[in-house]
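> The sequence isn't on hand, but the structure is:
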C-alpha cells in the first residue's frame, strides 16, 4: 500500500507553502502535525484503503456523512469554507481528480454550485473530521469510512494536514476488539457466561466484568494469560458465576462484560442477564 501512496517529501513542503499564498488558507496551513500514523498501524488495518483519487474519496466520504447528520448540521460544520450565508449543502460531486463540487440550497429556495479545488477540498475534509469523531466514524457511516481514511491519508501525506489524526484514531478504532455474541449455560450450581469477540487489530489482551442493575459482582479484570476461573480460546472467553442453581438460594443477576487491549482500550461492552438456564444473544457491535 505504501507504494501506491508515496510521501512526496519536498513536494509536500512546496504544497504547504503554496497554501500560505492562498487567501483564507492560513488556518489550513497551520494545521500541520509532526506525527503521522506509523507504517505498522497502517499495515494492521484489516482492509486496504480504496485505491481512488482524492476527489472521489472526499466525495464518497462527504455524501455518507451528509446523509448521516443531515444538511443543517453538515453545513454548520463547514463554516469557514466559501459557502453563502445560510446555505445548506444538499449534494456533493467529484470535480476532476482532486476537487469537489457542492450543491447548496439558499435561504430563498434557489440552489447554487460551489467548486472546491484541492486545497479547499482538503479544508473540507478537515471539517468532516471534526464533524464526526473518529470514535464514531465506522459506526456512523460504515464502509464509506474507508474513503474518509483515504481522503485523510492523501492530505496527511501530501499536505501534512491535521486530518491525519482522524486517520490514526480511526485505524485504532477499527482495530478495537468487538463482542459479537454471548451465551450462557448451566453446569451444577454455576452459570457459565461465554463471550465471543473479533480482534481485527490482534491486540486483545484480556477481559473485565462487573455487576450492574443492582447485582453485587465486584469489578474484575483478568489477562488472557492469567484468566482466574475463566477459560480462554481463540475468539472466546467463558467465565463461571455461582448462582446456587438447583437450590433454594437460586437467583439471577446482570453482568457488564468487555474485552480490553494492550493499550487499555475497551471493546463495546455487553450486559448479560444470567439465570439458571441456557440462552444465546447476538450483539450489534457497530
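Arrived safely. All figures in this text were calculated on a predicted structure; none of them were measured in a lab.
> Leaving out chain neighbours, which residue sits closest to residue 213?
For residue 213, ignoring the flanking residues on the chain, the nearest one in space by Cβ to Cβ, 6 or more residues apart in numbering is residue 254 at 4.2 Å. Where you see a C-beta, it was placed from the backbone N, CA and C, and this is true even at glycine.
> Go ahead and confirm residue 200 touches residue 172.
No - judged on Cβ atoms under 8 Å, residue 200 makes no contact with residue 172 at a distance of 11.0 Å.
> Mind checking which of the two has more residues around it?
Neighbours were counted for residue 200 and for residue 172 using other Cβ atoms under 10 Å; residue 172 has more, 20 against 15.
> and that one, which of the three is it?
Following DSSP: H, G, I helix; E, B strand; the rest coil, we place residue 172 in the helix state.
> ok, back up a step: measure how buried the residue nearest to residue 213 is and give me the count.
Counted with other Cβ under 10 Å, the neighbours of residue 254 add up to 16.
> now swap in residue 219 and tell me
Close neighbours of residue 219, defined as other Cβ under 10 Å, add up to 9.
> Leaving out the residues flanking it, which one is nearest to it?
residue 210 (3.8 Å).
> got a pLDDT number for the one you found?
We have a pLDDT of 97 for residue 210.
> next structured bit after the helix or strand hosting it?
Using DSSP states H and E, the element containing residue 210 is strand 204-212. As assigned by DSSP H and E, the chain's next helix or strand after strand 204-212 is strand 220-223.
> So what touches that next one?
For strand 220-223, contacts defined as Cβ atoms under 8 Å, 6 or more residues apart in numbering pick out 205-210, 228, 230, 260.
> do the same with stretch 89-102
By Cβ under 8 Å, 6+ apart, the residues outside stretch 89-102 that reach it are 53-56, 58-59, 62-63, 66, 71, 74-75, 78, 83, 103-105, 111, 113-118, 120-121, 124.
> Check which residues of that stretch are buried.
If you call a residue buried by 16 or more other Cβ atoms under 10 Å, then stretch 89-102 has these buried ones: 89, 91-95, 98-102.
> Between these, which sits nearest residue 141?
Using Cβ to Cβ, residue 92 is the member of the buried residues of stretch 89-102 that lies nearest residue 141, at 13.4 Å.
> which residue sits closest to that closest one, ignoring its sequence neighbours?
Spatially, and ignoring its direct neighbours in sequence, residue 92 is nearest to residue 62 (4.4 Å; Cβ to Cβ, 6+ apart).
> surely residue 105 meets residue 71?
Yes - counting by Cβ under 8 Å, residue 71 is a contact partner of residue 105 at 7.4 Å.
> can you list residues touching both of these two?
With Cβ under 8 Å, 6+ apart as the test, residue 105 and residue 71 both reach 88, 90.
> Okay, now the unreliable bits of the stretch 151-286 of the chain?
160-167, 169-171, 173, 284-286 (pLDDT under 70).
> Where do the helices of it begin and end?
164-174 (DSSP state H, counting those that start in this stretch).
> that older thread, give me the beta-bridge partners of the residue nearest to residue 219?
Per DSSP bridges, the residues bridged to residue 210 are residue 256.
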